[in-house]
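**Student:** Quick one, what's the 3D model for this:
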Amino acid sequence: MAADPLDELVQFLQPEARIDLKHISLDHLVGLSGSEDGINTLLSKEKIIQSILSLTSDKVDEIAKNALLILVNITATAKGVIELLKFKTDEGNNIVKLLIGYVLNPEKKDADAACMILSNITRVESELETVVDIFEPFLNDILYAFVNTSFNKKGSTLNYIGPVISNLSCCHRIRKWLTEENPHIPLIKILPFCNYEISNIRRGGAIGTIRNLSFDPEFHNFLISNDLELLTYILNPIMGNEEFIDEEMDVLPISLQYLPKEKTRDNDLDIRRMILETLNKLCMRKNGREFLRDNGVYYVLREYHKWEKYPKVRLACENVVDILIQKEDEVGTEDFSTVDVPDDMKEKFEKMDEDYVKDE
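**Tutor:** The predicted structure follows:
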C-alpha cells in the first residue's frame, strides 16, 4: 500500500530541515487548510499538527508566518479549535499559552496572526471556561498590550486583542475582572477604543465587550455610574453632525454637545447594531431607563433613526425608542427580566419583527 503523501511531509517540517523544503511543504499545507475537508485531513495527522506548532517559532519569518496561517484556517471551525486544544508543544505548553506568549512578545513579527487564532479559539463557547483558565494569569499583560498601540515593535497592530477580550467577556469571571480589578479597572482603559477610528476590529472588540457586560444585569449599576461616562463612548459612534435645540443639547453628556460639522457616524453595521443592543439591555431596569432618558439618549436615537438605512438595525433602534418614550407607569414593570413572556407571544413578536424587516 502506498504511503500517505502527508506522512512523507513530516520529515520536511522539522526545524532542522532545509529551508526550501519547509517552504514548499508549508505552502502545500496552507492550501490544504483552506477547505473543511482539508482541515479534517490535517487534524487526523498528529505529527503534522505537532510540526506546524513547532514551526510557528521558526527563525525564518516566512515559515513561522505560514505555520500560523495554517492554524488561523484550522481554528476557523469549531471542530478545529476543539481538536487543536488537545495538543501541546514540544515544551509541554498548551497552544493557547504558546500564542499568548507570541502576542506578549513585542519582537514577534507575526503576532497579529497569533491574535487572530486566539480570537477564533475564544469564540467557541463549549471551550471557553477551559480557555479562560489559561488566560487568567496573563489578563493584565494582554490589556497592557491592547491599550498601548505601539506595543509590538515589528509592525503587528494587535487589533485582534479586541475581539479576544470581547469573546472572553462572555465568561462571568472575565466580566468580574473587567469591572473589579484593582488598582485600575480594565473597562475604563478599554472604553476609549469605542471611538478608535483606525481599526474597526479594535473598536468592535471594545464595544462588544461592553455589550456582553450589558447582557448581565449584575453589572448594570456599574455601567450606568456617572464615573464611568459610558454614554460618552457608546453614543459617539452613532452620532453625526446634527444640531439639537438648546433644551435637548443641555441634557446630553458634555463631550457629545456641539460636535464638529465634519462628524460622521460609524460605517460599521455590526458596531452600530451592538451599540443598540447595549442600550436595549440597559433598558431592562427602571434605573437604567431613567439614566438613558436623563442623558438625552432618545434625542440621539431620534436623529440616528432618520439616517440608518438597514431595516434590522432600524428596528433595533425603534425597540429602544419605544421603551424610552414611555413613562414609567406605562412601562408596567420595574425590571423586564422578571417578566415571564409566554412562548407563543415570543413567537408572535418575532414574526412581527420579521414582517417589519421584509416590508422595509
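
**Student:** Keeping just the C-alphas, turn stretch 112-124 into CSV.
**Tutor:** C-alpha atoms of stretch 112-124 as CSV (Å, rounded to 0.1, in the frame of the first residue of the first chain):
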residue,chain,number,x,y,z
ASP,A,112,-1.3,39.5,14.5
ALA,A,113,-1.8,36.0,13.3
ALA,A,114,-1.4,34.7,16.8
CYS,A,115,-4.1,37.2,17.9
MET,A,116,-6.4,36.0,15.1
ILE,A,117,-6.0,32.4,16.2
LEU,A,118,-6.8,33.3,19.8
SER,A,119,-9.9,35.2,18.6
ASN,A,120,-11.0,32.1,16.8
ILE,A,121,-10.4,29.9,19.8
THR,A,122,-12.2,32.1,22.2
ARG,A,123,-15.3,32.2,20.0
VAL,A,124,-16.0,28.5,20.8
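
**Student:** Need the residues that contact it.
**Tutor:** Residues outside stretch 112-124 that contact it (C-beta atoms under 8 Å, 6 or more residues apart in numbering): 56, 65, 68-69, 71-72, 75-76, 78, 81-82, 84-85, 95-96, 99-100, 102-103, 108, 127-128, 131, 156-161, 163-164, 167-168. In short, each C-beta sits where N, CA and C put it, glycine included.

**Student:** again with stretch 53-68
**Tutor:** For stretch 53-68, contacts defined as C-beta under 8 Å, 6+ apart pick out 13-15, 19, 22-23, 26-27, 29-30, 52, 71, 87, 89-90, 95, 98, 102, 109-110, 113-114, 117.

**Student:** And stretch 21-31, by the same measure?
**Tutor:** Applying C-beta under 8 Å, 6+ apart, the set of residues contacting stretch 21-31 from outside is 9, 12-13, 38, 42, 48, 52, 55, 58, 60, 62-63, 66-67, 69-70, 73.

**Student:** got the buried residues for that stretch?
**Tutor:** Buried residues in stretch 21-31, counted by 16 or more other C-beta atoms under 10 Å: 22-23, 25-26, 29-30.

**Student:** Generate CSV for the residues you listed, with secondary structure, distance to T232 and pLDDT as supplementary columns.
**Tutor:** Shown next, in CSV, are these (DSSP: H, G, I helix; E, B strand; the rest coil; distance: C-beta to C-beta, whole Å; pLDDT from 0 to 100):
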residue, secondary structure, distance to T232, pLDDT
K22, helix, 51, 92
H23, helix, 50, 93
S25, helix, 52, 94
L26, helix, 47, 95
L29, helix, 47, 95
V30, helix, 44, 95
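
**Student:** what would the residues you listed look like in TSV with distance to K312?
**Tutor:** Output for the buried residues of stretch 21-31, formatted as TSV (distance: C-beta to C-beta, whole Å):
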residue	distance to K312
K22	47
H23	46
S25	45
L26	41
L29	39
V30	36
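
**Student:** on that earlier part again, need the buried ones from the contacts of stretch 21-31 selected in PyMOL.
**Tutor:** A single PyMOL command selects the buried members of those (16+ other C-beta under 10 Å):
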select buried, resi 9+12+13+38+42+48+52+55+58+63+66+67+69+70+73
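
**Student:** Among the contacts of stretch 21-31, which lie within strands?
**Tutor:** With DSSP state E as the criterion, strands contain none of the contacts of stretch 21-31.

**Student:** Show me the contacts of stretch 21-31 that map onto helices.
**Tutor:** 9, 38, 42, 48, 52, 55, 62-63, 66-67, 69-70, 73 (DSSP state H).

**Student:** Out of the contacts of stretch 112-124, which end up buried?
**Tutor:** 56, 65, 68-69, 71-72, 75-76, 81, 84-85, 95-96, 99-100, 102-103, 108, 127-128, 131, 156-161, 163-164, 167-168.

**Student:** Leaving out sequence neighbours, find the closest residue to P186.
**Tutor:** Spatially, and ignoring its direct neighbours in sequence, P186 is nearest to L178 (4.9 Å; C-beta to C-beta, 6 or more residues apart in numbering).

**Student:** Surely that neighbour forms part of a helix?
**Tutor:** Yes: checked against DSSP: H, G, I helix; E, B strand; the rest coil, L178 lies within a helix.

**Student:** got a list of what it touches?
**Tutor:** Residues near L178 by C-beta under 8 Å, 6+ apart: 169, 185-187, 190, 209, 213.

**Student:** Same list (these) but as a markdown table, adding secondary structure, neighbour count and pLDDT.
**Tutor:** Shown next, in a markdown table, are the contacts of L178 (DSSP: H, G, I helix; E, B strand; the rest coil; neighbours: other C-beta atoms under 10 Å; pLDDT from 0 to 100):
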| residue | secondary structure | neighbour count | pLDDT |
| --- | --- | --- | --- |
| S169 | coil | 26 | 98 |
| I185 | coil | 17 | 95 |
| P186 | helix | 22 | 97 |
| L187 | helix | 25 | 97 |
| I190 | helix | 24 | 98 |
| T209 | helix | 29 | 98 |
| L213 | helix | 22 | 98 |
